[in-house]
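Peer 1: sequence and computational prediction follow.
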Amino acid sequence: MPIFEFQCEDCGEIFEELLFRGNDSEVKCKKCKGTRVHKLISRVAFKSGEIFVGSTGSSCRSCSGKSCSSCK
């Protein structure tokens, strides 16, 4: 099931939402409960064996960072 990032147009909060049917018209802000939210474009990562590969094609095993969050 896909997890999407949203930003509230009322308070600016950025939050994640798990959508079962892809119906984002029912999404409400976690902070202010506002309904004026829009999807953000997020990075995608896939796990292949023990290697995480990001949308830029880098992987944790080949980068110089100490954690996956430092991969670009």
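Peer 2: Structure received.
Peer 1: buried stuff in stretch 18-32?
Peer 2: Neighbour-count burial for stretch 18-32, counted by 16 or more other CB atoms under 10 Å, picks out 27, 29, 30. From N, CA and C alone the C-beta is placed, and that goes for glycine too.
Peer 1: my guess is the last one contacts residue 13. True?
Peer 2: Yes. A contact is recorded between residue 30 and residue 13 when judged using CB atoms under 8 Å, the distance being 6.5 Å.
Peer 1: where along this protein do the strands fall?
Peer 2: 3-8, 14-18, 37-39, 45-48, 51-54 (DSSP state E).
Peer 1: check those for me: which has the lowest mean pLDDT.
Peer 2: Set side by side, the strands of the chain give their lowest mean pLDDT on strand 51-54, at a mean of 62.
Peer 1: quick revisit: save the buried residues of stretch 18-32 as CSV, and put in distance to residue 37 and pLDDT too.
Peer 2: Listed next are the buried residues of stretch 18-32 as CSV, based on distance: CB to CB, whole Å; pLDDT from 0 to 100:
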residue, distance to residue 37, pLDDT
27, 5, 93
29, 6, 96
30, 10, 94
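Peer 1: ok, so of those, who is nearest residue 9?
Peer 2: Set against residue 9, the nearest of the buried residues of stretch 18-32 by CB to CB is residue 29 (8.8 Å).
Peer 1: what's the distance between that closest one and residue 48?
Peer 2: Residue 29 sits at a distance of 35 Å from residue 48 (criterion: CB to CB, to the nearest Å).
Peer 1: how about residue 21?
Peer 2: Taking CB to CB, one finds residue 21 at 28 Å from residue 48.
Peer 1: can you give me the distance of the residue lying closest to residue 8 once chain neighbours are set aside to residue 16?
Peer 2: With sequence-adjacent residues excluded and distances taken as CB to CB, 6 or more residues apart in numbering, residue 8 is closest to residue 29, at 3.8 Å. Residue 29 sits 12 Å away from residue 16, going by CB to CB.
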